[in-house]
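In: My questions are about this predicted structure, shown below with the sequence.
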Amino acid sequence: MSTRRPVTLIIFVLSLTVVLITALAGCGGESTPSTVETSTASSASPDAGGNTIKLGYVDSLQGVVGLDGQRSVQAVVEYLNGQGGVDIGGKKYQIQVVSIDTNSDNDTARAGVQKLISEGVKFILGDDTVSGWVQLTEENKILSVISGSAPAALDPQNKYTVQGTFINTGSGVAWGWLSENNPDVKSAAGMYPDYMIGHQEASKLETFTKAFGQTLLGTSFFPIEQSDLSALATKAASLKPDVFTTGGSGINVLAGVFKALRDAGYEGQLWLPITSSTTQILKVMTPEQTEGMYITEDPTEFEQPPVATKELMDAYAAKYGKWDSPTIFEINSFYCWLAAIQKAQSLEVDKVAAVLGNGLEFEAPSGKARMVSRPDLGGDRTVDAVYTTYIARVESGKAHSLDTIDPDEALQYLKKLFGW
């Protein structure tokens, strides 16, 4: 349970849209993947004795989120392999990561997945391009853990595909907490990048305000490559909402939205919908502009990070020389997959899928998590995930912890949001 503290006009970031995972909804023919990189994270040959798990990493390596995810996965894999590997059914296995750069293109991703299947890969960590290749993986019994909001990741007809991050649930949990603890927050507005994920986030804001009783004053959109947001920000600030939010991109873009709002004279509450490192935020905004902003706190900034968080930080620093505050969104899917094979004590895809589909609980860098079903989508199998949400307020350039929402409490907010 969380320890509540009253806060006036609060907003915080949800543990949700680190959704910089740009994805196109289309599905098409085959093309050559722009990058196929095989990463073996051990000085010993991973093929020694044949005890190797090949893990596909299918994501855009052209953006911060996908690249940070790949680097983080490689660092943790190298650490685990250096400790002797993963114990499955009484045998030690080394993990071999095979990366496909999708460039956020479904055709490129599909060609890459076909290559992974031909190489005997049975497990994939993927992005929103899953829409273009899920049929392949389902037909070939390839288990896929997705970091993205594509509907294909939650389709109840699938047997071997789940969504392993907080992307679909984190913001709803945070908004529910806001509404319960701050009844004076009556109105909201948002600004989003003008592409698929930005529109998805705007749609979520409409859903949140309807479910929890606020008035949505307006949403606006901007080309993601546009750097001058002053005109849009001036118009948005004139709405004078109790709280203003954004989402659907990386921290540099989202903090840029808030900077433009502050420059335009908006003095209300800011809510940043992405698990946020103040180090990253302050690369864009001044300390004065961030004062009083509410965020979903990044556990990597805790004085005593959780075990999985510290493991990631230590492994990353060991491989790359230092912890440089990478985005810790997509690495969560790796920990979801790892917990599943460890609980199943098997590499048989059906057995691992059964564990994931039956309420798996696991520890990840973003916090304690649990697989949950989505009855609103017509299925009983647990295909989505809910995470611990850490609410914090930025003061003097630092995040100050305010509240913690565990998965049990988070589910109560989601039941109201989704009508379960």
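Out: All right, it came through fine.

In: need the strands for the stretch 1-150 of the chain, in chain order.
Out: Applying DSSP state E, counting those that start in this stretch to the stretch 1-150 of the chain gives strands spanning 35-40, 52-59, 86-88, 91-101, 123-126, 143-146.

In: tell me the mean pLDDT for the longest one?
Out: Just to be clear, that refers to strand 91-101. Computed over strand 91-101, the mean pLDDT rounds to 97.

In: With the first one instead?
Out: Mean pLDDT, taken over the full extent of strand 35-40, equals 47.

In: again, but for the second one
Out: Per-residue pLDDT values across strand 52-59 average out to 98.

In: which outside residues touch that strand?
Out: Defining contact as Cβ atoms under 8 Å, 6 or more residues apart in numbering, one finds that strand 52-59 is touched by 21, 46, 66, 69-70, 73, 77, 86, 88, 93-102, 109, 112-113, 116, 119-127, 129, 133, 147, 330, 337, 341, 347. Yep, even glycine has a C-beta here, placed from its N, CA and C like the rest.

In: got the CA positions of that strand in CSV?
Out: Extracted in CSV, the C-alpha atoms of strand 52-59 (Å, rounded to 0.1, in the frame of the first residue of the first chain):
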residue,chain,number,x,y,z
THR,A,52,23.0,-21.1,-25.4
ILE,A,53,19.8,-19.1,-25.5
LYS,A,54,19.5,-16.9,-28.5
LEU,A,55,17.5,-13.8,-27.8
GLY,A,56,16.3,-11.5,-30.6
TYR,A,57,16.3,-7.7,-29.9
VAL,A,58,14.0,-6.2,-32.6
ASP,A,59,13.8,-2.4,-32.2
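
In: Tell me what angle that strand forms with strand 91-101.
Out: Here strand 52-59 points in a direction 20 degrees away from that of strand 91-101 (axes from the mean of the first three to the mean of the last three Cα atoms, to 10 degrees).

In: Am I right that Ala392 falls within a strand?
Out: Yes. Checked against DSSP: H, G, I helix; E, B strand; the rest coil, Ala392 lies within a strand.

In: what's the weakest-modelled helix or strand in the protein?
Out: When the helices and strands of the chain are scored by mean pLDDT, DSSP states H and E, strand 35-40 comes last with a mean of 47.

In: Tell me where the stretch 301-420 of the chain has helices.
Out: With helices called from DSSP state H, counting those that start in this stretch, the stretch 301-420 of the chain shows them at 307-320, 331-344, 349-356, 407-418.

In: what's the shortest one packed up against?
Out: Contact partners of helix 349-356 among helices and strands, from 3 or more Cβ pairs under 8 Å, 6 or more residues apart in numbering; DSSP states H and E: strand 143-146, helix 331-344.

In: Please produce JSON lines containing those, extended by distance to Gln157.
Out: Formatted as JSON lines, the helices and strands packed on helix 349-356 follow (distance: least, Cβ to Cβ, whole Å):
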{"stretch": "strand 143-146", "distance to Gln157": "14"}
{"stretch": "helix 331-344", "distance to Gln157": "20"}
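
In: how close does the closest residue to Gly148 other than its chain neighbours get to Ala152?
Out: What sits nearest to Gly148 in space, not counting adjacent residues and going by Cβ to Cβ, 6 or more residues apart in numbering, is Asp128, at 3.7 Å. According to Cβ to Cβ, to the nearest Å, Asp128 and Ala152 sit 9 Å apart.

In: which residues are in contact with both of these two?
Out: With Cβ under 8 Å, 6+ apart as the test, Asp128 and Ala152 both reach Ile146.

In: If you count surrounding residues, which of the two has more?
Out: The neighbour comparison of Asp128 against Ala152 (other Cβ atoms under 10 Å) goes to Asp128, with 30 against 25.

In: Quick check: that one vs Glu225, distance?
Out: 19 Å.

In: can you give me the helices for the stretch 51-200 of the chain?
Out: 64-82, 106-118, 130-139, 170-181, 196-212.

In: Which parts of the first one count as buried, going by neighbours?
Out: In terms of neighbour count (16 or more other Cβ atoms under 10 Å), helix 64-82 has its buried residues at 64-81.

In: Run the chain-centre distance for it.
Out: On the basis of Cα atoms, centre = their mean, to the nearest Å, helix 64-82 sits 15 Å off its chain's mean C-alpha point.

In: now do the third one
Out: The offset between the C-alpha centroid of helix 130-139 and the centroid of the whole chain comes to 20 Å, using Cα atoms, centre = their mean.

In: And it, what does it pack against?
Out: Counting contacts by 3+ Cβ pairs under 8 Å, 6+ apart, helix 130-139 is packed against helix 106-118, strand 143-146, strand 161-163.

In: How about the second one?
Out: Under the contact criterion of 3+ Cβ pairs under 8 Å, 6+ apart, helix 106-118 touches strand 52-59, strand 91-101, strand 123-126, helix 130-139.
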